[in-house]
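J.: take this sequence and fold it.
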Amino acid sequence: MSPTPGRDRARAAGGREAAPDGGAGRAALRGGGLLVLGGLLLLLTVVSTWVGTKDTSLAEVWRALWSDDGSYTTEVIRELRLPRTMVGLMAGAGLGAAGAIMQSLTRNPLADPGLLGVNAGASAAVVFGLGVVGVSGYPTLVWFSFVGAALTTVVVYVLGSSGRGGASPVRLALAGAAISASLSGLIAGLTVFDAATYDYLRFWMVGSLAGRSSDLVPQMLPFVTVGLAIALLLARPLNALALGDDLGRALGARIARTRLLGVVAVTLLTGTATAAAGPIGFVGLVIPLVARWFTGPDLRWVLPYSMLLAPCLLLGADIVGRVVLPRGELEVGAVTAVIGAPVFIAMVRRRKEVSL
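T.: Below you'll find the model as predicted:
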């Protein structure tokens, strides 16, 4: 008889493995799933670098990756498609991990950085930097995005935990919805009165990977790397936290430190992804649910699966957006919404898939 999700979580939090036969079989199956996802992500990376408005062959892509012959084809691949693909990889991994952490911290399977206002906070800060302060360029805007994401996270958590009983999933969701609505009004007001800011934000607010320069990749890399490393290190403490504060402490988890580091990881990952690609929705919400459907509640598996599934979704949506229209492109944020909404509705209708 297979262990219950609660027993799996307790074993993961307490450092004990499951029964040898069933545990080894499940671990091998989950490990095989990671290999399959890794192969799929590699395939999508190749296709993303290959497909575009200009017809290119795989041989041309291969040559362009290893040598710069000065041709127009090489320039398109090295300066447009490859940076676009790398930004999609990092933004997707960050959003997937941030969503899994947020759902675990709030014990709410329907939570993500967007629903709790983190995306709105990062977006509002970027809009403020563009329209009021007058800054431009990713190195500066990313700090505005970080500050906005961090402040919004703190405000939502304070509002959601105030009053008798402390923080609860319902309170946090309501606080996030209220803050998101307020910040959406602020964003609308700033863009209406500043035509230049509105022009810049028209596609950015939808969520897009197009037009990202090669300089953006090394600027994103340290923030995403640190955020993902923190997320992976928090897997076991978050497993303990999911059992409740009292039992988590009994298992050795440091509750306050775990929550603080979780907020730091979500801020780093969401702030970087939002500053680079705009507020892309549904990725941080749907991907952890899908990952949990495959792996169960153990975050030692949910987080790696989310880090691979999310960039698969983002790159796949970006590829579809390039080819679905006869002329022009459909922004990746619109495609993820079209794909994510039906999946989300289907999984919500099946309670087992969304239980933490």
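
J.: thought Ala235 was touching Ser306?
T.: No: contact criterion Cβ atoms under 8 Å: Ala235 and Ser306 do not qualify, at 11.0 Å. Any C-beta I mention is one placed from the backbone N, CA and C, and that applies to glycine too.

J.: I figured Cys312 hits Leu41, correct?
T.: Yes: contact criterion Cβ under 8 Å: Cys312 and Leu41 qualify, at 5.3 Å.

J.: what is in contact with the two at once?
T.: Counting by Cβ atoms under 8 Å, 6 or more residues apart in numbering, Cys312 and Leu41 have no contacts in common.

J.: compare Ala235 and Ser306 (neighbour count), which wins?
T.: More neighbours surround Ser306 than the other of Ala235 and Ser306, with 31 against 20 (other Cβ atoms under 10 Å).

J.: leaving out chain neighbours, which residue sits closest to the more buried one?
T.: Of all residues not flanking Ser306 in the chain, Gly96 sits nearest, at 3.7 Å (Cβ to Cβ, 6 or more residues apart in numbering).

J.: any idea how many residues pack against the one you found?
T.: Here the number of neighbours of Gly96 (other Cβ under 10 Å) works out to 35.

J.: now do the helix or strand where it lies, average pLDDT.
T.: Using DSSP states H and E, the element containing Gly96 is helix 82-106. The average of the pLDDT scores along helix 82-106 is 91.

J.: same thing with stretch 335-348?
T.: 77.

J.: kindly export that stretch (C-alpha atoms) in PDB.
T.: What follows is stretch 335-348, C-alpha atoms only, in PDB (Å, rounded to 0.1, in the frame of the first residue of the first chain):
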ATOM      1  CA  VAL A 335       0.000  32.500 -25.500                       C
ATOM      2  CA  THR A 336       0.700  31.300 -21.900                       C
ATOM      3  CA  ALA A 337      -2.600  32.700 -20.800                       C
ATOM      4  CA  VAL A 338      -4.400  30.800 -23.600                       C
ATOM      5  CA  ILE A 339      -2.600  27.600 -22.700                       C
ATOM      6  CA  GLY A 340      -2.600  28.000 -18.900                       C
ATOM      7  CA  ALA A 341      -6.200  29.000 -18.200                       C
ATOM      8  CA  PRO A 342      -7.800  25.700 -19.400                       C
ATOM      9  CA  VAL A 343      -5.100  23.700 -17.700                       C
ATOM     10  CA  PHE A 344      -5.700  25.600 -14.500                       C
ATOM     11  CA  ILE A 345      -9.500  25.200 -14.600                       C
ATOM     12  CA  ALA A 346      -9.200  21.500 -15.300                       C
ATOM     13  CA  MET A 347      -6.800  20.900 -12.400                       C
ATOM     14  CA  VAL A 348      -8.900  23.000 -10.000                       C
END
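
J.: can you show me the helices along the stretch 151-300 of the chain?
T.: Listed in chain order, the helices found in the stretch 151-300 of the chain under DSSP state H, counting those that start in this stretch are 169-192, 195-204, 216-233, 235-241, 245-250, 255-277, 283-295, 299-323.

J.: which one, of the ones you listed, ends up nearest to Thr74?
T.: helix 216-233 (17.3 Å; Cβ to Cβ).

J.: in the closest one, what counts as buried?
T.: Within helix 216-233, the residues scored as buried using 16 or more other Cβ atoms under 10 Å are Leu216, Val217, Gln219, Met220, Phe223, Val224, Gly227, Leu228, Ile230, Ala231, Leu232.

J.: quick check: the gap between the closest residue to the second one other than its chain neighbours and Thr197.
T.: With Cβ to Cβ, 6+ apart as the criterion, Val217 has its nearest non-adjacent residue at 4.7 Å, and that residue is Met86. Going from Met86 to Thr197 by Cβ to Cβ, to the nearest Å gives 27 Å.

J.: identify each buried residue in the longest helix anywhere in the chain, please.
T.: Longest helix in the chain by number of residues (criterion: DSSP state H): helix 20-50. Within helix 20-50, the residues that qualify as buried are 26, 30, 33-34, 37, 40-41, 44-45, 47-50, counting by 16+ other Cβ under 10 Å.

J.: repeat that for stretch 191-203.
T.: For stretch 191-203, by 16+ other Cβ under 10 Å, it's Thr191, Asp194, Thr197, Tyr198, Tyr200, Leu201.

J.: over to stretch 323-334?
T.: Across stretch 323-334, burial judged by 16+ other Cβ under 10 Å covers Glu329, Leu330, Glu331, Val332, Gly333, Ala334.

J.: from these, pick the one nearest Leu285.
T.: Ranked by distance to Leu285 (Cβ to Cβ), those are led by Gly333 at 13.3 Å.

J.: contact partners for the residue most central in space within the chain?
T.: A centroid search over the chain (Cα atoms, centre = their mean) returns Leu95, at 0.5 Å, as the residue closest to the centre. Residues in contact with Leu95 (Cβ under 8 Å, 6+ apart) are Pro113, Leu269, Thr270, Ala273, Ile280, Val283, Gly284, Ile287, Ala310, Leu314.

J.: so can I have CSV of those residues showing pLDDT, distance to Glu60 and neighbour count?
T.: Formatted as CSV, those follow (pLDDT from 0 to 100; distance: Cβ to Cβ, whole Å; neighbours: other Cβ atoms under 10 Å):
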residue, pLDDT, distance to Glu60, neighbour count
Pro113, 76, 38, 33
Leu269, 91, 34, 33
Thr270, 87, 36, 36
Ala273, 88, 30, 36
Ile280, 86, 30, 32
Val283, 88, 31, 33
Gly284, 87, 35, 34
Ile287, 91, 33, 31
Ala310, 94, 29, 33
Leu314, 93, 24, 33
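
J.: cool, thanks, signing off.
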